[in-house]
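1. can't give you the sequence, but here's the structure:
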């Protein structure tokens, strides 16, 4: 074997140590979640639990109602993702391939609206949902996420590559626009649909500020809101909080790891939007 | 990916979601059992569930669902619930918040229910009962009382040559100086957490000057009285008697008290239970409680605590009131006290032999004779928050006492602007 | 025939865009316009209880905000976070991307995933972790500093260190995102350019300075613009880690909006805060875009 060059040692050494530093908080979270109460608050801080225990998880599910929050988070993330996919894919396709009056102006207007931070809309949105009776309901959490300009943009960019001839041929065969969309366009768009699904899923799962505002009934809390509330209540219970953090982050990490390819792809496409 | 399949799956998912949303909206109604939604804070919310089985046994048609709110987020959660029309049926409410929720029309008046029930106003400490009265009507029933006084380490005071708890400011200052002179550099004479407004508030209530003037239209913080209280408070930091920290910075207040990191701690009744539970047995004889010293002799303190309130929008007011009445029974109050250390607001509960014999509680009983309510304006919570902010800056040495008082007046006056306008409009008719 | 088909076509197109446009219109555009209107009133909890308590106050909310030290402090804190946090974040992203793009690097997919992992985690959950890593007495960071002989720092309790701690956290959480985008940009740089530079005798550093960075500049400037806009919207980190303290040293503009709006229910002044933030982000983005354009035009 050839002796590795010193430069290679440096590059890989730096990468390895950076990875350790970056992963450390996550690994320690996992380790501390199996520690006995109080164990993490000793000096020097322990790396691994002396006697691994599931007590924190049991406590979370038995007393803190984590099962309920987990179910809420899953339901809301899946519902918001499914519904917004339908809306965004339809609109994105239309902006790319269907001609209608004012299409370009409308699209440019929407891109312009991207610079408005969502928080500007929050106060009136709350009042609006209050009048619609949606405050403190699952619907109130989902509704603002039903369509996103970014999602429409992403789909449009991808749909531009669909050859017009394909659609024209189908039209000549007498297929309805809806049929064409379902039978031809959706399969062609499936990679970007998966990408958008992963994006939306992670986004709604991790969303904090809006559910915090719109939900007041504990039974409807999502995991991040419940965790923030628990962490204010249980400042001293490090290990319990770590178990809660594991429950909150592990699902998204798993989704990300299994669909990584699609996620990265969308990320790079999104970056070109400027 | 089969596209028919995927399209169908999307439709199915959609239908499922709609169903789920509908179901969650509709499931509240129906059945002959009345559900009472009860919001309670912190430790109280945790332990009150233990009192409910008996209530549900004696009231078989009522089911109680408790939601626990963290204290630090409770006020904003309750306001959000009001704004979003999602208030519970009954809640634990800090008694200083009552005027605010009454002004919003969020609370149901309780006079008629009280008159017909076993809740006897004359049995309550008058200062505490009074915090629930707005415009001559009762909007809450005191659940437990909370006032702030001194917790102290008798052994540390002894070692510094102080053999009795101070009863006046000059005595107190002498004791603080003696302890600090006696202590290691990383130890302090007193803990006044900067995230709590109550210690300063208690000192301010000891003064003759009211905190607001002109019927709650303007702040009165540049008065001689408030400035005296603030400079006494700030001096405790300037002299190094108190560390400028918030309570979340101490990883564990009880451990630090056990270690002797500080000798005095201004705190409330719940800490009797915490100290009994968390301090080692060897220290149990070493700590004690004492009424709060005043400028010249025993002083006043805050008339705090929580009340039970019923919300105006509740569809289950009767059942909610039944729960209030049950929780206000002297025997239930005593069981609640055993679990939380919270002190009962009814004199008849205090006649209980165990409570009467409790040495740590005795100082509270004495202090309760000298409690003063905070100004009954709806904006009080915000003004108290500004008082905390301003006091923290003064304690950390960023502002002088006069600057802090002027700033606090300015902030209070700004907060009260709407109140002044509304009062003027009402006066015009 | 052709014309009738295209008119049907046009009509159908609206059915495709209508649901999304309806949602965006009702739940985004309408509220933004309403926010502007509300910011001109003293909409508060009294008005929420009874609309007759509402007054139209013109620009008073804005004027009062601009006179309030707390607003300027929140603005200062946010600028601190942006001005220090964005370069650190971009530097980390660029460094990591260059390393990952190096031909010498091994196990690239593993390193890439490891460095990216924090991006997909939930802010609230990892902020809870960091609160313990940063704890004064038992935290790992102080332990690590202790082994270097540095005295413990009260990271989240000391007004001087709370914001640096939050910046550290934000950089850790976010740098992976831009790392991936920059990595894609690096991979798009034609190999021939490096070959030519090498033949001209350019050193590794010179190749970085005269080939890599100029080729990466367009994408780098886009990334910078997006990151700045994102960092202006600081909220969840201080909400969980410090609650805006100590001494309001981590209170951001968005946190101020949350407190004004959803803690004290001063919706009028909260809307004004939101608009000022919007104007600020818009202005900064516009300046950056203009700057980037003139740079590339040269």
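-> Thanks, I have it. This structure is a prediction, so every number in the text was calculated from the model and none was measured.
2. When you work out contacts or count neighbours from here on, use the C-alpha atoms and nothing else.
-> OK.
3. Next secondary structure after the helix or strand harbouring residue A:230?
-> Element membership for residue A:230 (DSSP states H and E) is helix A:223-233. Per DSSP H and E, helix A:223-233 leads on to helix A:238-258 as the next helix or strand towards the C-terminus.
4. Now look at that next one and say if it contacts chain C.
-> Yes. Helix A:238-258 lies within reach of chain C by Cα under 8 Å from any Cα of the partner chain, at A:238, A:241, A:242, A:244, A:245, A:246, A:248, A:249, A:252, A:253, A:256.
5. Show residues contacting that helix.
-> Residues outside helix A:238-258 that contact it (Cα atoms under 8 Å, 6 or more residues apart in numbering or on different chains): A:29-30, A:32-41, A:56-57, A:59-60, A:66, A:70, A:198, A:202, A:205, A:223-224, A:227, A:230-231, A:234, A:263, C:117, C:120-122, C:125-126, C:128-129, C:132.
6. just how off-centre is it within its chain?
-> 14 Å (Cα atoms, centre = their mean, to the nearest Å).
7. what's downstream of it, the next helix or strand?
-> helix A:260-271.
8. Give me the angle between the helix holding residue A:230 and helix A:238-258.
-> On the basis of axes from the mean of the first three to the mean of the last three Cα atoms, to 10 degrees, helix A:223-233 is oriented at 160 degrees to helix A:238-258.
9. Quick one, which of the contacts of helix A:238-258 are buried?
-> A:29-30, A:32-37, A:39-41, A:56-57, A:60, A:66, A:70, A:198, A:202, A:205, A:223-224, A:227, A:230-231, A:263, C:117, C:120-122, C:125-126, C:128-129, C:132 (16 or more other Cα atoms under 10 Å in any protein chain shown).
10. what's around residue B:168, how many residues?
-> The tally of other residues near residue B:168 (other Cα atoms under 10 Å in any protein chain shown) stands at 16.
11. What is the neighbour count of the residue in chain C positioned nearest to chain B?
-> Nearest residue of chain C to chain B: residue C:263, at 4.7 Å (Cα to the nearest Cα). A count of neighbours around residue C:263, defined by other Cα under 10 Å, yields 21.
12. Would you confirm that it contacts residue B:72?
-> No. Applying Cα atoms under 8 Å, one finds residue C:263 not in contact with residue B:72, separated by 11.1 Å.
13. Does the residue nearest to the spatial centre of chain C lie in a helix or a strand, and which?
-> The residue lying closest to the centre of chain C (Cα atoms, centre = their mean) is residue C:230, at 1.9 Å. Assigned by DSSP H and E, residue C:230 belongs to helix C:213-231.
14. what sits against the closest residue to residue C:44 other than its chain neighbours?
-> Leaving aside its chain neighbours, residue C:44 sits nearest to residue C:266 (4.4 Å; criterion: Cα to Cα, 6 or more residues apart in numbering or on different chains). Neighbouring residues of residue C:266 by Cα under 8 Å, 6+ apart: C:42, C:43, C:44, C:45, C:260.
15. Pull out the buried members of those residues.
-> Here, 16+ other Cα under 10 Å leaves C:42, C:43, C:44, C:45, C:260 buried among those.
16. Switch those residues over to a markdown table; also include secondary structure and pLDDT.
-> A markdown table is the format used below for the buried ones among the contacts of residue C:266 (DSSP: H, G, I helix; E, B strand; the rest coil; pLDDT from 0 to 100):
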| residue | secondary structure | pLDDT |
| --- | --- | --- |
| C:42 | coil | 93 |
| C:43 | coil | 93 |
| C:44 | coil | 89 |
| C:45 | helix | 84 |
| C:260 | helix | 92 |
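17. can you count the residues close to residue B:386?
-> Residues within reach of residue B:386, counting by other Cα under 10 Å, total 19.
18. That one belongs to a helix?
-> Yes. With DSSP: H, G, I helix; E, B strand; the rest coil as the criterion, residue B:386 is assigned to a helix.
19. That one touches residue B:411, doesn't it?
-> Yes. Using Cα under 8 Å, residue B:386 makes contact with residue B:411 at a distance of 7.2 Å.
20. Next, the contact list for residue C:75, please.
-> Counted by Cα under 8 Å, 6+ apart, residue C:75 has contacts C:252, C:253.
21. One more: residue B:203?
-> So residue B:203 contacts B:229, B:230, B:233, B:294, B:300, B:301 (Cα under 8 Å, 6+ apart).
22. which residue is nearest the centroid of chain A?
-> Closest-to-mean residue, chain A, Cα atoms, centre = their mean: residue A:202 / 1.3 Å.
23. What's the separation between it and residue A:195?
-> As for residue A:202, its distance to residue A:195 is 11 Å (criterion: Cα to Cα, to the nearest Å).
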